[in-house]
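Colleague: Predicted model and sequence follow; I will ask about them next.
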Protein chains: 2
Amino acid sequence: MTQSVQHILAEALATGALRIVDLTHTLSPDFPTLVLPPEFAQATPVKIERLARYDAAGPSWYWNKLTFSEHTGTHFDAPAHWVTGRDLPRNTVDTMPLDPMIRPACIIDCSRESAADPNYLLTVDDLLKWEEVNGKIPAGWWVLMRTDWYKKSGAEYANLKDDGAHTPGPTEEAIRWLIKERDIIGFGTETIGTDAGLAGNFSLPFPAHNLLHGAGKYGLQCLTNLDKLPVKGTIIVSAPLKVLEGSGSPLRVLALADAE
Amino acid sequence: MTQSVQHILAEALATGALRIVDLTHTLSPDFPTLVLPPEFAQATPVKIERLARYDAAGPSWYWNKLTFSEHTGTHFDAPAHWVTGRDLPRNTVDTMPLDPMIRPACIIDCSRESAADPNYLLTVDDLLKWEEVNGKIPAGWWVLMRTDWYKKSGAEYANLKDDGAHTPGPTEEAIRWLIKERDIIGFGTETIGTDAGLAGNFSLPFPAHNLLHGAGKYGLQCLTNLDKLPVKGTIIVSAPLKVLEGSGSPLRVLALADAE
Ligand SMILES: [Mn+2]
Ligand SMILES: [Mn+2]
């Protein structure tokens, strides 16, 4: 008789053999949002409007009205977010399969490089070096780029200069390789986009968005606490809101890792 | 050497030994929202406003702006939602502990009773009868009331009459017993509230909200697909958005169950 996995999981959570780590920023009005060139529609910041708080508008209860874009705070990108993914089947958060919502991850530590150079770009070489130590990146896993960027806040986090945001991200080659040679489920970062801040100027603009979503892969952004996880095998729980025809959504991202 | 639980979990998901079931309604403008007496603040329906869709406002991308209340669609209630929980520690979705976000559940089938009587109330007797067959409800688990109500839609789902919503829910005694005698983590339903539609008129109004949140317990509402799950032991993944001082939030609820 095979053992019940739901039972093993419940036991591991109850005993702490499996720990839960929150990879999510607080969704608040002062969290920086993406800034696009002025000719394009912009993300409005998060709005939290009180409906009632134990007062005349609701004597026994408290609740708020929420406004934000689908790509605000810690959030998930579905293939329909990019024009390259527009004609793929089940390309929105309400129609996508469920299994990508719970997948293991490889975490590539680029924290030193990103501290030295805010425009640091993750290369295929970095990935091959990671594999030398940790083994091959398995198909269907997330690859998450650790930069410790989540420890910054406000203007330092957005790091906007006259020519755009100076934040790290992947090279076109690295993304191409992760899709073609490793068949990952998606790519995640701690910064505002899956792409580097200046990726709009790359020869292929926004290669992460362009290539990932064109290949039916997913994105995760504004992650936190990647430095608190093992570099291989932690389970990422990232279930976006089921927004009708949604291109993505803010979400609570949790990681499940063996106790240390 | 103990086996890695993250590895067991990854394997079980990859092989289908553990299946994922979506317990979430699509978040769309036509999903019914709670209707309160007119003197109180109301939930606005879901608004999905296009920011850009491969057009002049964003030639390569598609995204929307979202507006909804914290208690819209399939959603999570934190203790601060009710006045009885207002002074509890870590009583909002951004400060609450993480471990309630992944917990097993007992599912109590009241579908026949609710079909016969839309105002059906779950009793302590029902719970004791469930325990005779399935064993004691374990401490720290969810109790979810199955009514198959999720199969209805629109006006039939809300079931509003002149005197309020006619939808099933728990008795005060059942909730009291689940908290005091079984120490559950929370209570969930397929209807718009954790309380019955007419619970505002009970001798203790809104007993589920009042008692659960006063005891630091959680609520889940507008769940779907409870009929597709085993009655005991399925793992509920219910991680609310990390809204600053949020009283609750729409969320994607997933269930993890052993393959049949
Ligand atoms: Mn995005
Ligand atoms: Mn609610």
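Modeller: Structure received. Ligands and ions are numbered 1, 2, ... in the order given.
Colleague: Next up, the contacts around the residue of chain A found nearest ligand 1.
Modeller: Proximity of chain A to ligand 1 (CB to the ion) peaks at residue A:71, 3.6 Å away. For the C-beta atoms, the positions are set from N, CA and C on the backbone; glycine is no exception. Counting by CB atoms under 8 Å, 6 or more residues apart in numbering or on different chains, residue A:71 makes contact with A:34, A:43, A:77, A:81, A:221, A:247-248, B:63.
Colleague: ok, residue A:220 - contacts?
Modeller: A:74-77, A:142, A:144, A:186-189, A:194, A:236, A:238, A:253.
Colleague: repeat that with 10 Å
Modeller: When contacts are counted by CB atoms under 10 Å, 6 or more residues apart in numbering or on different chains, residue A:220 touches A:23, A:74-77, A:105, A:142, A:144, A:186-190, A:194, A:236, A:238, A:240, A:248, A:251, A:253.
Colleague: For chain B, see how far away it is.
Modeller: As judged by CB to the nearest CB, to the nearest Å, residue A:220 and chain B stand 14 Å apart.
Colleague: same thing with residue A:217?
Modeller: When residue A:217 is compared with chain B (using CB to the nearest CB), they lie 15 Å apart.
Colleague: Residue A:61 pairs with what?
Modeller: Counting by DSSP bridges, residue A:61 is bridged to residue B:82.
Colleague: Check whether stretch A:87-105 comes near chain B.
Modeller: Yes: counting by CB under 10 Å from any CB of the partner chain, chain B is contacted by stretch A:87-105 at A:91-95, A:97-99, A:101-105.
Colleague: Kindly give a single ChimeraX line that selects the buried subset of those.
Modeller: A single ChimeraX command selects the buried members of the residues of stretch A:87-105 next to chain B (16 or more other CB atoms under 10 Å in any protein chain shown):
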select /A:91,92,93,94,101,102,103,104,105
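Colleague: which of the residues of stretch A:87-105 next to chain B are close to ligand 1?
Modeller: Checked against ligand 1 using CB under 5 Å from the ion, those give no members in range.
Colleague: Inside strands: which ones of the residues of stretch A:87-105 next to chain B?
Modeller: Cross-referencing the residues of stretch A:87-105 next to chain B against strands under DSSP state E gives A:102-105.
Colleague: From the residues you listed, pick the one nearest ligand 2.
Modeller: Within those, the smallest distance to ligand 2 is 25.2 Å, found for residue A:102 (CB to the ion).
Colleague: close enough to count as contact, that closest one and residue A:253?
Modeller: No: look at residue A:102 against residue A:253 with CB atoms under 10 Å: they stay out of range, at 11.2 Å.
Colleague: can you give me the helices for chain A?
Modeller: Along chain A, counting by DSSP state H, helices occupy A:5-15, A:111-116, A:124-134, A:154-158, A:172-180, A:207, A:213-214.
Colleague: so which of the ones you listed comes closest to chain B?
Modeller: helix A:5-15 (4.1 Å; CB to the nearest CB).
Colleague: Off-centre distance for the closest one?
Modeller: In terms of CA atoms, centre = their mean, to the nearest Å, the centre of helix A:5-15 is found 26 Å from the chain centre.
Colleague: And the average pLDDT for it is what?
Modeller: Per-region confidence: helix A:5-15 scores 94 on mean pLDDT.
Colleague: one step back: which residues do residue A:102 and residue A:253 both contact?
Modeller: A:236-239.
Colleague: Quick check: which of these are also close to chain B?
Modeller: For chain B, the contacts drawn from these by CB under 10 Å from any CB are A:237-239.
Colleague: So which of the ones in strands among the residues of stretch A:87-105 next to chain B is the closest to chain B?
Modeller: Nearest member of these to chain B, counting by CB to the nearest CB, is residue A:104, at 4.6 Å.
Colleague: Wait, that closest one touches residue A:142, no?
Modeller: Yes: Residue A:104 is within contact range of residue A:142, at 7.1 Å (criterion: CB under 10 Å).
Colleague: which neighbours do those two share?
Modeller: Common neighbours of residue A:104 and residue A:142 (CB under 10 Å, 6+ apart) are A:185, A:234-236.
Colleague: Let's have the shared contacts of residue A:102 and residue A:253 in TSV, adding pLDDT and neighbour count.
Modeller: Converted to TSV, these look like this (pLDDT from 0 to 100; neighbours: other CB atoms under 10 Å in any protein chain shown):
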residue	pLDDT	neighbour count
A:236	98	25
A:237	98	21
A:238	98	27
A:239	98	26
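Colleague: ok, which pair from those is furthest apart?
Modeller: Within the shared contacts of residue A:102 and residue A:253, A:236 and A:239 form the most distant pair, 10.2 Å apart (CB to CB).
Colleague: Identify the contacts common to those two.
Modeller: Common neighbours of residue A:236 and residue A:239 (CB under 10 Å, 6+ apart) are A:100-102, A:253-254.
Colleague: Test my guess that residue A:221 contacts residue A:249.
Modeller: No: with contacts counted by CB under 10 Å, residue A:221 stays clear of residue A:249, the gap being 11.5 Å.
Colleague: Show me what the residue most central in space within chain A bridges to in the sheet.
Modeller: By CA atoms, centre = their mean, chain A has its centre lying nearest to residue A:220, at 1.7 Å. Here residue A:220 sits in beta bridges with residue A:76, residue A:188, going by DSSP bridges.
Colleague: That one and residue A:74, how far apart?
Modeller: 8 Å (CB to CB, to the nearest Å).
Colleague: For the stretch 51-200 of chain A, what lies in contact range of ligand 1?
Modeller: So the stretch 51-200 of chain A meets ligand 1 at A:71, A:77 (CB under 5 Å from the ion).
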